[in-house]
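Engineer: here is a sequence together with a model predicted from it:
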Amino acid sequence: MTEWTLIGHVADIPRLGSRLVETAQGLIAVFRDGQDQIFALHNRCPHRGGPLSEGIVYGGRVSCPLHNWAIDLKTGQAVAPDNGCTPSVPVHVKDGAIALCLDAPQAPACGC
Amino acid sequence: MSGTKQKLVVVGNGMAGIRTVEELLALSPDRHDITVFGAEPHPNYNRILLSSVLAGEKSVADIVLNSPDWYAKHGITLFTGDPVTGIDADARTLTSASGRTVPYDKLLLATGSKPLMPPVAGNDLPGVCGFRDIRDVDQMIAAAQGKGRAVVIGGGLLGLEAAWGLKRRGMSVAVVHLMPHLMERQLDTAAGQLLQRDLDRRGIAFFTNGHTEEIFGDGRVQGVRLADGRIIPADLVVMAIGIRPDIELARKIGLDANRGIVVADNMSTTDPDIFAVGECAEHRGQCFGLVAPLWDMAKVCAHHLAGGDQMTFTPPALSTRLKITGIDVFSAGALAAADEADEEILLQDNARGAYKKLVLRDGKLAGIVLYGDVSDGLWYFDLMRRGADVSEWRDRIILGESAATAKSGLSVATMADDTLVCGCNGTTKGMIVAAIQGKGLTSLEEVRAHTNASGSCGQCTGAVRQILAATIGADAEDNKIPPVCGCTDRTHEEVRHAILERALKTMPEAMLALGWRNRDDCAKCRPALNYYLLCAWPGEYQDDQRSRFINERVHANIQKDGTYSVVPRLWGGMASPQELAAIAQVAEKYKVREIKITGGQRLGLFGIQKWDLPGLWGELAAAGLVSGHAYGKALRTVKTCVGSEWCRFGTQDSTGLGVKLERLSWASWTPHKFKMGVSGCPRNCAEASIKDFGVVCVDGGYDLLVGGNGGIELRETDPLCRVSNEAEVLIYAGAYMQMYREEARYLERTAPWIDRVGIAAVRARLVEDDAARGELYRRFLVSQQAAQSDPWEERARHGMDAHEFHPLCKVG
Ligand code: SRM
Ligand SMILES: Cc1cc2nc3c(=O)[nH]c(=O)nc-3n(C[C@H](O)[C@H](O)[C@H](O)COP(=O)(O)OP(=O)(O)OC[C@H]3O[C@@H](n4cnc5c(N)ncnc54)[C@H](O)[C@@H]3O)c2cc1C
Ligand code: SF4
Ligand code: FES
């Protein structure tokens, strides 16, 4: 069974920004893009663990604050030429309320 | 006096008619009493730029060519919103819809054309429009407010520009095109398909080979049905299948007319007192739908109206370009070899999405199709127009001018003065040079403002920029000034200039007005724009936190493990016991992992958790400590030595001066970080000669040094000047910093900036020009008034940006 956990409202997250959610699985970074779409990724850059929540959000990506890798918000994959990926967390938004599915399998879809 | 003047009446207040009037006024300003009738309720505007208005890149006010004042200034009587309905060629009078009857000696018909409406059912339903005038654009913009769906019928130049504009306004857009590929009159199949692919990627749907059978809807348009049965739902249908010259008036009085009003080589119709120019005219069987020939018609017509009998109209070679930002298409002449004697040369670079085709006939260029890379378009076109023999470079010509002629860039220096540079506005090289020299223009924006050149389709931007550089003698390097980033073709300088000139005050406004290709798709231009706006509108502009790198957003340096460092300001490297005690106290309380004396003469606290920052800052603030901006593109440290206070060699109070400099300049945002140093004598213990601004004290004065860097690329300062007292040091420092703030590119430190512009340019404004220095210093102070508040205290005491410092929630 899939369980959704409410974590807050779209308006709590600055547009083109992110907020953190502390969970049993660790810190999850929840992003809001320019079109108000919401994405959630584990807050660890595949490069050297940089906190993705602190990066600049642009064009469906976040740029890691430590060494500038670009991570795709939807898939968690590093954008070429870099290689690696961060597990993403399923998100559901209804009437502005954001829910995460925290019991989804942790293995990232890309298999890295 | 006016009784002796000829009465000239112009029917059509559009591009060709008014251009003719302009030419005429230049030739013989007092010969005529001029009256202009316009069916539209507007002054003359640049119709070409309706596409940019639709795309949201320009406003209607931006595209007005002749304001009502212009007509008044030249004594022209203007009736707008009043179409001419009839002409009496025997009585030589005309009448208008509002009932005016006006006599004429000479009449000029410049009625343009109307959109061609296909004869299908439903073409008159509400929600169906053409793309011809401001009213059409207003209607399209209104329809786009509700987002919804648009169908554009016609995949030519006009249709695609309409489709792109509506797409940019948020509609979902489909284009129905009768032919197998787009713009078939200007592009060959390969280029047409590339174009379709690129527009497809931008989200426009295509129905090629699409034959519109019916437009349907109940009281308002609801969709389009194609002959093969496909149905495309629509809230708006735009007809862009072609134009029909407006010849109604001419027909009524029996002037010769076929598709257009027949004109002779001198632009007169079959009635010698009636002339016609523009799209409504037909010359030797040919009608025109582009502006370039219309400028020539205007010249010839004006010459004859002014009493001349020499000039004749010969149709110029035509070139086209699509005005969709980021899509580069250029075409002229033949699209393909006509027979075996013709040759085609092709270059296809799929990786870059570039395609080029040249058609050669008898060793001369006969056709050009460029897609993706159009930088050589003007050069090819000039060769084609001049009928130049290109056999010498036949094997390299496809690679462009620099490869073919082993010269770099367009040879604007050798270009003849009458070479047409901007086809859209009829501006020649000579006109541009004259404006640059006559009006002292120094930027592309200014050249645009005064000549219109490159302001319409933008195709000739590169050439105009080079003419500017060649005319004002900038070095060749400037010709290749890079754009800010891939979102725009504008350079940093152009963007900064436009922000001030056009009073752009927010980021969305600037991006819209300057035709940015993406709004938030780029992490490169946003921080730059944010800085430029902040610098241009101190105290007014609202800093965009989301366009700041993490360090500047949370006012601390992020470290390799995601913790932060805190470096409070120790003015001039001085610390009081209370300040040291406060630092020691927070270090203990917040379990700071390391305290270190930094390379900038202050104390750095390392390894602090983000959520502890506001609390820690609050306690530092209570002891009077403020942010040291060790994280910012901002004033960092002012390093000092002990100076005359203690040192046996000291000539001045270098420590005290350092503190004053730091108090003056702290908290200012700069293009890159900015460091100062003040040494008490030439032994230079504060390393002033590798600082952005350095002072070396000497007996009776202060040597000011600029542009040093001790970082990746070591650079020694250039001497700026010597001054005699501290007050002057402060003025020079502030003025210099402001000049750097206003003129350097974002992320350019003073060292590369001065390398680029030259120390002479800095001295010219700061040392040699007292007024300029004073003005810069004044602006610096104004800006500092807004900037000087402690960001740490704002966050610690006033809860600013609280969301940055704690998680949204805790679950599980
Ligand atoms: C803390 C300090 C080193 C120290 O332990 O002493 C330091 C630390 C950093 N320096 Fe520095 N620099 C420090 C003095 C210097 C100096 C010496 C000076 O100022 O006299 C220099 C050479 C002088 C100069 O700038 O001309 C210096 C040249 C650089 C550069 C190269 C700049 C350049 O133009 O080439 C960078 C990289 C950059 O700015 O892009 C840099 C960047 C950095 C960053 C911010 C790297 C980063 O982006 O994370 C370091 C932050 C560490 C942290 O966790 O806080 N740091 N850095 C010094 C802080 C001084 C202060 O009190 O503010
Ligand atoms: C959206 C769009 C984009 C274009 N892009 C380009 C481009 O990129 N490059 C290019 O070269 N060309 C382009 N064109 C074509 C260019 O605008 C025309 O060729 C040019 O405007 C023709 O000038 P004109 O004076 O003949 O007609 P117009 O500019 O149309 O002027 C005619 C005027 O006469 C008025 N009029 C008509 N009948 C009467 C009457 N009985 N009484 C009083 N007034 C009357 C009309 O209302 C109109 O205002 C574009 C056109 C459009 C619509
Ligand atoms: S020199 Fe500067 S940037 Fe390099 S490790 Fe030391 S503090 Fe970091
Ligand atoms: S840790 Fe993210 S780029 Fe290095």
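Structural biologist: Perfect, thanks for sending it. Ligands and ions are numbered 1, 2, ... in the order given.
Engineer: how many residues are close by the nearest residue to residue B:767 once chain neighbours are set aside?
Structural biologist: Distance criterion CB to CB, 6 or more residues apart in numbering or on different chains; nearest residue to residue B:767, sequence neighbours excluded, is residue B:721 at 4.7 Å. (C-beta placed from N, C-alpha, C; glycine too.) As a burial measure, residue B:721 scores 16 neighbours (other CB atoms under 10 Å in any protein chain shown).
Engineer: in chain B, which residue sits nearest ligand 2?
Structural biologist: residue B:14 (1.8 Å; CB to the nearest ligand atom).
Engineer: and stretch A:39-53, what's its mean pLDDT?
Structural biologist: Mean pLDDT, stretch A:39-53: 94.
Engineer: mind listing what's buried along that stretch?
Structural biologist: By 16 or more other CB atoms under 10 Å in any protein chain shown, the buried positions in stretch A:39-53 come out as A:39-47, A:50-53.
Engineer: about what we covered before: which pLDDT value goes with the residue nearest to residue B:767?
Structural biologist: Looking at residue B:721, its pLDDT stands at 95.
Engineer: where do the strands sit along chain A?
Structural biologist: Under the criterion DSSP state E, chain A contains strands at A:4-9, A:17-23, A:26-32, A:38-42, A:56-58, A:61-63, A:70-72, A:88-89, A:91-94, A:97-101.
Engineer: same list (those strands) but as TSV, adding distance to ligand 2.
Structural biologist: What follows is these, written out as TSV (distance: least, CB to the nearest ligand atom, whole Å):
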stretch	distance to ligand 2
strand A:4-9	44
strand A:17-23	39
strand A:26-32	37
strand A:38-42	39
strand A:56-58	32
strand A:61-63	35
strand A:70-72	36
strand A:88-89	44
strand A:91-94	40
strand A:97-101	43
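Engineer: wait, which of the ones you listed is closest to residue B:398?
Structural biologist: strand A:70-72 (35.5 Å; CB to CB).
Engineer: other SSEs contacting the closest one?
Structural biologist: strand A:61-63 (3 or more CB pairs under 8 Å, 6 or more residues apart in numbering or on different chains; DSSP states H and E).
Engineer: can you list the strands that the strand it packs on pairs with?
Structural biologist: strand A:56-58 (antiparallel), strand A:70-72 (antiparallel) (DSSP bridges).
Engineer: roughly how far does the closest residue to residue B:309 other than its chain neighbours sit from residue B:272?
Structural biologist: Distances taken as CB to CB, 6+ apart put residue B:266 closest to residue B:309, at 7.7 Å, once the chain neighbours are dropped. According to CB to CB, to the nearest Å, residue B:266 and residue B:272 sit 9 Å apart.
Engineer: cool, residue B:595 as well?
Structural biologist: 95 Å.
Engineer: tell me the contacts of the residue nearest to residue B:767?
Structural biologist: Taking CB atoms under 8 Å, 6 or more residues apart in numbering or on different chains as the criterion, residue B:721 is in contact with B:704, B:732, B:763, B:766-767.
Engineer: what's the residue positioned nearest the centre of chain B in contact with, if anything?
Structural biologist: Against the mean C-alpha coordinate of chain B, by CA atoms, centre = their mean, the closest residue is residue B:514 at 4.4 Å. Residues in contact with residue B:514, defined by CB under 8 Å, 6+ apart, are B:488, B:490, B:495, B:498, B:504.
Engineer: residue contacts, the last one?
Structural biologist: Read it as residue B:504. B:498, B:510, B:513-514, B:533 are the contacts of residue B:504 under CB under 8 Å, 6+ apart.
Engineer: how many other residues sit next to residue 66?
Structural biologist: Answering for chain A, as no chain was given. Residue A:66: 21 neighbours (other CB under 10 Å).
Engineer: should've been chain B
Structural biologist: The burial count for residue B:66: 20, using other CB under 10 Å.
Engineer: would you confirm that it belongs to a helix?
Structural biologist: No - counting by DSSP: H, G, I helix; E, B strand; the rest coil, residue B:66 is not part of a helix but coil.
Engineer: quick check: phi and psi at it.
Structural biologist: Here is the backbone geometry of residue B:66 (degrees, to the nearest 10): phi -130, psi 110.
Engineer: next, residue B:370: phi, psi?
Structural biologist: phi -120, psi 140.
Engineer: my read: it touches residue B:356, true?
Structural biologist: Yes - using CB atoms under 8 Å, residue B:370 makes contact with residue B:356 at a distance of 5.3 Å.
Engineer: among the helices and strands of chain B, which has the poorest mean pLDDT?
Structural biologist: helix B:401-405 (a mean of 74; mean pLDDT, DSSP states H and E).
Engineer: so which bits of that one are buried?
Structural biologist: B:401-402, B:404.
Engineer: with stretch B:619-631 instead?
Structural biologist: So, applying 16+ other CB under 10 Å, buried residues of stretch B:619-631: B:619-621, B:623, B:625-631.
Engineer: would you list the phi and psi of the closest residue to residue B:206 other than its chain neighbours?
Structural biologist: Excluding the flanking residues, the one nearest residue B:206 by CB to CB, 6+ apart is residue B:175, at 5.3 Å. Here is the backbone geometry of residue B:175 (degrees, to the nearest 10): phi -110, psi 130.
Engineer: what sits against residue B:175?
Structural biologist: Contacts of residue B:175 by CB under 8 Å, 6+ apart are B:151-155, B:159-160, B:163, B:182, B:199, B:204-207.
Engineer: please repeat the previous calculation with a cut-off of 10 Å.
Structural biologist: B:150-156, B:159-160, B:162-164, B:182, B:196, B:199-200, B:204-208, B:210, B:232, B:238, B:240 (CB atoms under 10 Å, 6 or more residues apart in numbering or on different chains).
Engineer: just checking, which of those residues belong to helices?
Structural biologist: B:159-160, B:162-164, B:196, B:199-200 (DSSP state H).
Engineer: now tabulate the residues you listed in CSV and tack on pLDDT.
Structural biologist: Shown next, in CSV, are these (pLDDT from 0 to 100):
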residue, pLDDT
B:159, 96
B:160, 96
B:162, 96
B:163, 96
B:164, 93
B:196, 93
B:199, 92
B:200, 91
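Engineer: so residue B:221, which of the three states?
Structural biologist: Applying three-state DSSP: residue B:221 is coil.
Engineer: neighbours of the nearest residue to it once chain neighbours are set aside, how many?
Structural biologist: Spatial nearest neighbour of residue B:221, excluding adjacent residues (CB to CB, 6+ apart): residue B:127 at 3.5 Å. Per other CB under 10 Å, the neighbour tally for residue B:127 reads 19.
Engineer: may I have the phi/psi pair for residue B:127?
Structural biologist: phi 100, psi 0.
Engineer: pLDDT wise, what is it at?
Structural biologist: On the pLDDT scale, residue B:127 is placed at 95.
Engineer: thought residue B:544 was touching residue B:533, still the case?
Structural biologist: Yes - with contacts counted by CB atoms under 10 Å, residue B:533 reaches residue B:544, the gap being 8.2 Å.
Engineer: got any residues that touch both of those two?
Structural biologist: Contacts common to residue B:533 and residue B:544, judged by CB under 10 Å, 6+ apart, are B:506-507.
Engineer: show me which of the two is the more surrounded one.
Structural biologist: residue B:533 (24 against 18).
Engineer: residue numbers of the stretch 251-400 of chain B in contact with ligand 2?
Structural biologist: B:278-279, B:289-292, B:294, B:323 (CB under 6 Å from any ligand atom).
Engineer: which residue packs closest to the residue of chain A found nearest chain B, ignoring adjacent ones?
Structural biologist: Per CB to the nearest CB, residue A:59 is where chain A lies closest to chain B, at 3.3 Å. In space, not counting the residues next to it along the chain, residue A:59 is nearest to residue B:521; the distance is 3.3 Å by CB to CB, 6+ apart.
Engineer: for that neighbour, give me its contacts.
Structural biologist: A:33-34, A:58-61, B:486-487 are the contacts of residue B:521 under CB under 10 Å, 6+ apart.
Engineer: show me which of those is closest to ligand 4.
Structural biologist: residue A:61 (12.3 Å).
Engineer: hey, what's the nearest residue to that closest one once chain neighbours are set aside bridged with?
Structural biologist: Spatial nearest neighbour of residue A:61, chain neighbours left out: residue A:70 (4.7 Å); criterion: CB to CB, 6+ apart. Beta-bridge pairing for residue A:70 (DSSP bridges): residue A:63.
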